[in-house]
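Q: for reference, the sequence and a predicted model appear below.
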Amino acid sequence: MLDFLPIVFLVITGLGAIVGGTWDSTKEGTDKLTTPGRVAAITLLFSTIFSSYVAYNNYESKQQKETYKIEISSIIANQVNESIRELLAPFRALYIENTGGYYLPDEEITLSMLLTPENIKKSQATCFKDLPKTFTSSSRRTWDERFSVGISRGVHKLKQLKLVHSNHIDSNLLKSIYDLLDNGIMTIYAYSPREKKPENGKEPLHEKCFIGQPIGSHKQYLTMIKTISDANKSNVFIN
């Protein structure tokens with residue numbers, strides 16, 4: 001509404017000019033206006049129309065920019081949430097595995113639950129060459145395959161988001177995305193001895209287990225995802 005203030009001032013100024021010597025008080029009606037008064041009146045009329053047009057256009061432009069900002073912010077936030085969902089999918093499946101195999105919707109398995117020391121300890125010790133033991137799935141994927149697929153999909157979505165909207169993303173959100181893209185990769189796998197069932201009463205044997213550890217630590221990787229999630233809850237659009 002501040003855009004319309006110049007119009008108010010223009011009207012006041014114009015009226016002052018008309019009253020201040022541009023009319024003849026001895027005459028009646030419009031004849032009171034002298035030639036300078038008529039010029040001032042016409043100028044005032046056109047100035048008011050033009051200023052109203054400019055003010056309205058400015059107001060509409062601001063409204064359109066605000067609508068655009070809201071729409072782009074929503075698109076960015078939704079794409080980030082979708083990327084996070086893909087990245088967390090294997091961690092959530094592993095949480096279900098470690099809590100007895102009972103299905104839970106994604107929204108019920110929060111990052112806070114995944115980051116508990118108890119869950120981190122269990123998930124970090126998982127043998128990634130194994131299949132899930134406590135639940136069945138149509139896709140016979142090992143944990144290594146599940147993590148590779150989930151992380152690859154999530155990372156791909158974040159790369160696409162960065163490519164298309166990097167000029168519009170808030171610096172905190174963009175920094176957290178870059179951090180995960182640069183450091184949150186599947187590094188070389190770590191070997192860990194795993195106890196094997198003894199045969200014929202012999203001492204337990206130990207075999208090597210292929211354990212995939214994203215960036216060396218489930219906690220570190222999940223913390224990176226949480227940083228992105230937290231940044232995504234604030235204003236994600238910058239211009």
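A: Done, it's in.
Q: neighbours around residue 155, how many?
A: By the criterion of other Cβ atoms under 10 Å, residue 155 has 19 neighbours. In this view, the C-beta of every residue, glycine as well, is placed from N, C-alpha and C.
Q: hang on, I meant residue 175
A: 13.
Q: helix or strand: which one has it?
A: Here residue 175 is covered by helix 171-183, with elements defined by DSSP states H and E.
Q: who are the packing partners of that helix?
A: helix 143-165, helix 218-232 (3 or more Cβ pairs under 8 Å, 6 or more residues apart in numbering; DSSP states H and E).
Q: residue 155: what's it in contact with?
A: 83, 87, 180-181, 184-185 (Cβ atoms under 8 Å, 6 or more residues apart in numbering).
Q: same question for the helix or strand hosting residue 54, mean pLDDT?
A: Secondary structure from DSSP H and E places residue 54 in helix 35-98. The pLDDT scores in helix 35-98 average 85.
Q: check which residues of the helix holding residue 175 are buried.
A: Within helix 171-183, the residues that count as buried by 16 or more other Cβ atoms under 10 Å are 172-174, 176-177, 180.
Q: so which of the helices and strands packed on helix 171-183 is the most surrounded?
A: When the helices and strands packed on helix 171-183 are scored by mean count of other Cβ atoms under 10 Å, the highest mean neighbour count falls to helix 218-232 (a mean of 19).
Q: for it, give me every contacting residue.
A: 77, 80-81, 83-84, 87-88, 91, 111, 114-115, 120, 123-124, 170, 172-173, 175-177, 179-180, 183-184, 214-215.
Q: still on that earlier bit, just checking, what packs against the helix holding residue 54?
A: By 3+ Cβ pairs under 8 Å, 6+ apart, helix 35-98 packs against helix 5-19, helix 111-114, helix 117-124, helix 143-165, helix 218-232.
Q: format these as JSON lines; extra columns: mean pLDDT and distance to residue 48.
A: Listed next are these as JSON lines, based on pLDDT from 0 to 100; distance: least, Cβ to Cβ, whole Å:
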{"stretch": "helix 5-19", "mean pLDDT": "59", "distance to residue 48": "6"}
{"stretch": "helix 111-114", "mean pLDDT": "96", "distance to residue 48": "58"}
{"stretch": "helix 117-124", "mean pLDDT": "90", "distance to residue 48": "69"}
{"stretch": "helix 143-165", "mean pLDDT": "89", "distance to residue 48": "42"}
{"stretch": "helix 218-232", "mean pLDDT": "92", "distance to residue 48": "47"}
